[in-house]
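> Any chance you can model this:
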Amino acid sequence: MGYAYLFTHVEWIYSHDLSGYILRTVEWAEELRAGHLYPRWAPDLYGGYGEPIFVFYAPTVYAVAGLLSATFLDPFSSLKLIILVSSLLSGVSVYWLIFGETRDRDAALLGAAAFLAAPYRLGDLYARGDVSELSCLAILPTAIALYFASAREARPFRARALAAAAAATHGLMIVTHTVLGLWGSLVVGLVVLARIIVLSRRGLWRRARPLILALACAPGLAGAYVVPALAYRDVSHAFGMVLGLYKPQNQWIGLNVLFDSQSALFGKNFMQIGPIVVVAAVVTALAAGLNFKRTRPALGWLALSLALIGLTLPNANAFWQPGRIPLSQFIQFPWRLLGPAALSASVALGIGMAAATTRLSEQTRQGIAISSAAALLLLIAWPIVSAKEMRKADILTDPDSIRAAVESATSADEFLPLAVKARPSTPRRGLVAGAENANVEFSLSDGSRHALAVVATKPGAVVQLALYGFPGWRVRTDSGPALATLNTDAEGLLFVRLPSSGKYQLEVWYGTPIAVPIGWLVTGLSVLVLCGMLLRGSSWWPIRFPVVGARSAT
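This is a model prediction of the structure:
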């Protein structure tokens, strides 16, 4: 009902992110139209000086929405479609995860409904407007479900195929939302490691091996994004991401926040996952008394949920100290972990219900599942599902307007090049900001690609460009007496130096910084390893794993 209203009556959601997702989608779509299949530069932000935002922002949502915007739909409809697909995937994947563990459809329905009703998941959309985190929360249970399906599968090729699909989905999670992808990988790693230990104790190493290999390869699949983002973090203002409001130590919550219906900062409190956790704990405790053996997995999921919640409380201060755990400060808000905590509690609820209702009739189980799911949706989800509206007419959706408004798609200017001290107050007047011993006869811009015709009156002439410098900018001399060079001045602006006098035809474009091919190499190697795992022992590569303890014939 809430999504139907969103699609039919709300032009765009008024949230903490405001129009950020629209701006980024527009920029990605414009770069696609200009021929960049994986844009790294947003040419219209900061008044046309540009920003390397897609070097750092996880690209999945913008890649999909940008492609749809560049072809069939407008940015608003493109993002709404992603929201709808993510919400459907959230329910289906949690249902599949719990059903795979319990073979109980009613329990799977209840667990899926609990996750769909989780205020944090809904708050990602209606309060924060974080479409990427919403999508990542949908991919997280999908990856876990695929890993678990591989662990259960007795047929070797099918098990390897499921493990490869799990690794691909896990990698997709990382390139959908950087922070949740990182911490979600920790959740995936813990639960899959627990499954690997169980398989090893049973002597089922043939089933455990694909899981180990897939889990190891998954981060590498995201290398094309992760390697450049890490490599160029220190040449941007990324340190602004962990200062003031964005410092984890300034974002603790109390246990009462998990149950309060209102929040001073956000209005309706989307952190109110406490009721779901309590219901999961009660059902799990009841199930443990009735069928402890079948309840043990639920106890593990519940313990994981409580541990994640514990990391959002002031007592976890030591855990988040700078330098203690690499990149931990970039979580910004420890309460981001409430999303995976709600997922863990929902899975515990589903498994606990399956164990608690084993002896009941099918009709009774169905009645309990349907009535409980309806209660969760009505009592917990319904108060969160409402959206204030932003009008399309008030949101900039064309490059000229974005440049004129000196827009940025982030609030802390964290991805400005390091040499740039502050955002510009006015948009650039043109591509060329000034020239010394040179006359610019012609200039043309197409996204992040620019062309110039310049006459250098003296050797060593300089043309100052109204573009922010960053690793990846390139210059090509199409014609001229010598090769032009491209550099960055002390204020972070690009300039072209012309070594000899004469007429030059130049192209300047944002290309491929050195870390990008390294990242693609990491991704490619991970793909090759997974393909090798998938094909080994098949008719395409008939090599069998050696059997431990086998004796050779003599």
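
> Just the strands from the stretch 401-550 of the chain, written as ranges.
Listed in chain order, the strands of the stretch 401-550 of the chain (DSSP state E, counting those that start in this stretch) span 432-436, 438-446, 449-456, 461-468, 473-479, 485-488, 493-498, 502-510.

> The closest residue to residue 261 other than its chain neighbours: what's it in contact with?
Sequence neighbours aside, residue 269 is the residue nearest to residue 261 in space, at 5.8 Å (criterion: CB to CB, 6 or more residues apart in numbering). Bear in mind the C-beta positions are built from the backbone N, C-alpha and C, glycine included. Residues near residue 269 by CB atoms under 8 Å, 6 or more residues apart in numbering: 119, 257, 260, 261, 262, 263.

> What of residue 440?
Contacts for residue 440 were tallied using CB under 8 Å, 6+ apart; they are 432, 452, 453, 454, 463.

> residues near the nearest residue to the fourth one once chain neighbours are set aside, how many?
The shortest distance from residue 454 to any residue that is not its chain neighbour, by CB to CB, 6+ apart, is 4.8 Å, and that residue is residue 504. When counting by other CB atoms under 10 Å, one arrives at 26 neighbours for residue 504.

> Quick check, residue 504 in contact with residue 476.
No: no contact is recorded between residue 504 and residue 476 when judged using CB atoms under 8 Å, the distance being 10.6 Å.

> what domains does the record give for this structure?
By the record's domain assignment, the chain is partitioned as 130-223+512-542, 432-510 (automatic domain parsing).

> Please work out which of those is packed deepest.
Neighbour counts (mean count of other CB atoms under 10 Å) averaged over each of these peak at domain 130-223+512-542, with a mean of 20.

> Now do the contacts for the residue nearest to residue 519 when sequence neighbours are not counted.
By the measure of CB to CB, 6+ apart, the closest residue to residue 519 outside its immediate chain neighbours is residue 227, 3.3 Å from it. If you count contacts by CB under 8 Å, 6+ apart, residue 227 has them with 515, 516, 518, 519, 522.

> Check residue 64 too.
If you count contacts by CB under 8 Å, 6+ apart, residue 64 has them with 78, 82.

> how near is it to residue 497?
Residue 64 is 41 Å from residue 497, where distance means CB to CB, to the nearest Å.

> Tell me if I am right that residue 227 is in a helix.
Yes: with DSSP: H, G, I helix; E, B strand; the rest coil as the criterion, residue 227 is located in a helix.

> per-residue pLDDT, it?
Model confidence at residue 227, given as pLDDT, is 96.

> Any figure for the gap between the residue positioned nearest the centre of the chain and residue 135?
Centre of the chain computed as the mean C-alpha position; nearest residue by CA atoms, centre = their mean is residue 177, 1.4 Å away. According to CB to CB, residue 177 stands 7 Å off from residue 135.

> cool, and residue 480?
For residue 480, the distance to residue 135 equals 47 Å [CB to CB].

> do the same with residue 191
Residue 191 sits 20 Å away from residue 135 when distances are taken as CB to CB.

> do residue 421 as well
The gap separating residue 421 from residue 135 is 35 Å, by CB to CB.

> Okay, and which of the contacts of residue 227 map to helices?
Residues of the contacts of residue 227 located in helices (DSSP state H): 515, 516, 518, 519, 522.

> Contacts only, for the last one.
Yep, that's residue 522 we're talking about. Contacts of residue 522 were listed using CB under 8 Å, 6+ apart, and they are 220, 223, 224, 227.

> one more time with 6 Å
Contacts here follow CB atoms under 6 Å, 6 or more residues apart in numbering; on that basis residue 522 touches 220, 223, 227.

> Looking at the first one now. What's its pLDDT?
Just to be clear, that refers to residue 220. Residue 220 is assigned a pLDDT of 97 by the prediction.

> Next up, phi/psi of it, please.
When quoted as degrees, to the nearest 10, the phi and psi of residue 220 stand at phi -60, psi -30.

> which residue sits closest to it, ignoring its sequence neighbours?
Distance criterion CB to CB, 6+ apart; nearest residue to residue 220, sequence neighbours excluded, is residue 526 at 3.3 Å.

> Can you list the low-confidence ranges for the protein?
By pLDDT under 70, the low-scoring segments of the chain are 1-5, 265, 537-554.

> how about a cut-off of 80?
For the chain, residues meeting the criterion pLDDT under 80 lie at 1-9, 240-241, 243, 263-267, 323-324, 386-387, 411, 536-554.

> returning to that earlier point: residue 448 versus the residue nearest to residue 519, what's the distance?
Residue 227 sits 21 Å away from residue 448, going by CB to CB.

> Same question for residue 385.
Computed as CB to CB, the residue 385 to residue 448 distance reads 39 Å.

> same deal with residue 17?
Per CB to CB, residue 17 is found 24 Å from residue 448.

> likewise residue 261?
When distances are taken as CB to CB, residue 261 and residue 448 turn out to be 46 Å apart.

> likewise residue 44?
Distance, residue 44 to residue 448, by CB to CB: 10 Å.

> just residue 173 next, same as before
Separation of residue 173 from residue 448 (CB to CB): 28 Å.

> same deal with residue 81?
Applying CB to CB, the value for residue 81 to residue 448 is 27 Å.

> related to what we said a few turns ago, go through the contacts of residue 522 and say which is closest to residue 53.
residue 227 (17.0 Å; CB to CB).

> roughly how far apart are the closest one and residue 362?
Residue 227 sits 52 Å away from residue 362, going by CB to CB.

> Quick check: residue 8 vs residue 59, distance?
When CB to CB is applied, the distance between residue 8 and residue 59 equals 29 Å.

> Please identify which of the two sits among more neighbours.
Neighbour count, other CB under 10 Å: between residue 8 and residue 59, residue 59 has more, with 21 against 7.

> and that one, backbone torsions?
For residue 59, the backbone dihedrals are phi -90, psi -10 (criterion: degrees, to the nearest 10).

> Could you pull up the contacting residues of it?
Under the criterion of CB under 6 Å, 6+ apart, the neighbours of residue 59 are residue 175.

> That one and residue 36: what is the separation?
Spatial separation of residue 59 from residue 36 under the definition CB to CB is 12 Å.

> Kindly report the same for residue 109.
Plainly put, residue 109 is 44 Å away from residue 36 if you go by CB to CB.

> Neighbour count: these two, which is higher?
Neighbour totals were compared for residue 109 and residue 36, and residue 109 leads with 23 against 20 (other CB under 10 Å).

> Quick check: chain neighbours aside, which residue is closest to that one?
Taking CB to CB, 6+ apart, and ignoring the residues beside it in sequence, residue 109 has residue 369 as its nearest neighbour in space, at 4.9 Å.

> What is the burial count for the one you found?
Each residue near residue 369 was counted by other CB under 10 Å, and the total is 23.

> In the helix or strand containing it, which residues are buried?
Element membership of residue 369 [criterion: DSSP states H and E] is helix 362-376. Applying a neighbour-count criterion of 16 or more other CB atoms under 10 Å, one finds 365, 368, 369, 372, 373, 376 buried in helix 362-376.

> Spit out the contact partners of the third one.
Under the criterion of CB under 6 Å, 6+ apart, the contact list for residue 369 reads 106, 109, 110.

> Looking at those, which one is closest to residue 157?
Compare each of the contacts of residue 369 with residue 157 using CB to CB and the shortest gap goes to residue 109, at 31.4 Å.

> From residue 234, how far off is the closest one?
Computed as CB to CB, the residue 109 to residue 234 distance reads 48 Å.
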